[in-house]
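>>> Quick one, fold the following:
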Amino acid sequence: MTDPLASTALELGADLLQFLLPHRRPFVMVDGVQEFTRAPRLSVRASRQVSANEPVFEGHFPGLHLWPGVYTIEGLGQACNVALVLEGLCAHFERSGSDEAALRASLRNAELGFRLQPGFRPELLELIRAAVTDPSATMGFSAHVDVKFTEPVFAGSRLDYRVTRTHTVGALDRFDVEAQVAGRTVARGTMSAARRSLGPGGWVP
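Got it, this is the predicted structure:
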């Protein structure tokens, strides 16, 4: 029998990501996920399309659509958040007597719904909704950032993020992070996230 987790591919679009994360426009810096790996190291490959219509380009800078480096850092941080949320969803499903394969199936089903595709099962989306409102689900807040930029990013680019957790100490998770455009590294470094719970009433500090 083929192992359903042998492939780490997991295609998630912008609408599903906004269902999972608290960020909203114009500060959504991740609009796609292509890969999720839980073991041996938590890792996510995600992306962000940079449009010439971004509001930030009204002032940064007129006549030169230069993507602010702080937005690249925020995108890397949100990719770390995605990794922690997916890990939290896995844990929730396991506590409910299910497994990671069932979570992946539920996420793929949810993507069908958000893309108006046939075969969508609303009851499976409710399983995810219950998980993201579980008080034990975790999210990450930036605790430390050490990122260096190697090339500028301009409108029309697709930023590809790769984040991999390397250490966990208490409530802190450290990630190696890298951003690329067309296979060329534009930023790399490390980030630490402080995990907090997200309960039905909102954020728990």
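>>> In the protein, which residue sits furthest out from the middle?
What lies farthest from the middle of the chain is Gly63; by Cα atoms, centre = their mean that is 31.1 Å.
>>> and that one, helix, strand or coil?
coil (DSSP: H, G, I helix; E, B strand; the rest coil).
>>> Please tell me how far it sits from Val153.
17 Å (Cβ to Cβ, to the nearest Å). For glycine as for every other residue, the C-beta is placed from the backbone atoms N, C-alpha and C.
>>> List the strands paired with the longest strand anywhere in the chain, with their directions.
For the chain, the strand with the greatest residue count under DSSP state E is strand 184-199. Strand pairing for strand 184-199, using DSSP bridges, gives strand 138-149 (antiparallel), strand 172-181 (antiparallel), strand 202-204 (antiparallel).
>>> all helices for this structure, in order.
14-20, 69-95, 100-114, 122-132 (DSSP state H).
>>> Single out the most deeply packed of those.
helix 69-95 (a mean of 22; mean count of other Cβ atoms under 10 Å).
>>> show me where pLDDT drops low in the chain?
Under the criterion pLDDT under 70, the flagged ranges of the chain are 1-7, 134-140, 196-205.
>>> related to what we said a few turns ago, phi, psi of the residue farthest from the centre of the chain?
When read as degrees, to the nearest 10, the backbone of Gly63 gives phi 90, psi -10.
>>> Spatially central residue for the chain, please.
Centre-nearest of the chain using Cα atoms, centre = their mean is Val82, 2.8 Å out.
>>> and that one, how far is that from Val44?
To Val44, Val82 is 5 Å away according to Cβ to Cβ.
>>> Repeat that for Thr185.
Thr185 is 17 Å from Val44, where distance means Cβ to Cβ.
>>> more neighbours, those two?
The neighbour count for Thr185 versus Val44, taken as other Cβ atoms under 10 Å, is higher for Val44 (29 against 15).
>>> returning to that earlier point: can you put the strands paired with strand 184-199 in CSV and add distance to Gln18 and mean neighbour count?
Formatted as CSV, the strands paired with strand 184-199 follow (distance: least, Cβ to Cβ, whole Å; neighbours: other Cβ atoms under 10 Å):
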stretch, distance to Gln18, mean neighbour count
strand 138-149, 14, 16
strand 172-181, 21, 21
strand 202-204, 16, 9
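>>> possible to save those strands as CSV with distance to Gly32?
Output for the strands paired with strand 184-199, formatted as CSV (distance: least, Cβ to Cβ, whole Å):
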stretch, distance to Gly32
strand 138-149, 19
strand 172-181, 14
strand 202-204, 25
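>>> Looks like the residue nearest to the centre of the chain contacts Val30 (just checking).
Yes. If you go by Cβ atoms under 8 Å, Val82 and Val30 touch, sitting 6.2 Å apart.
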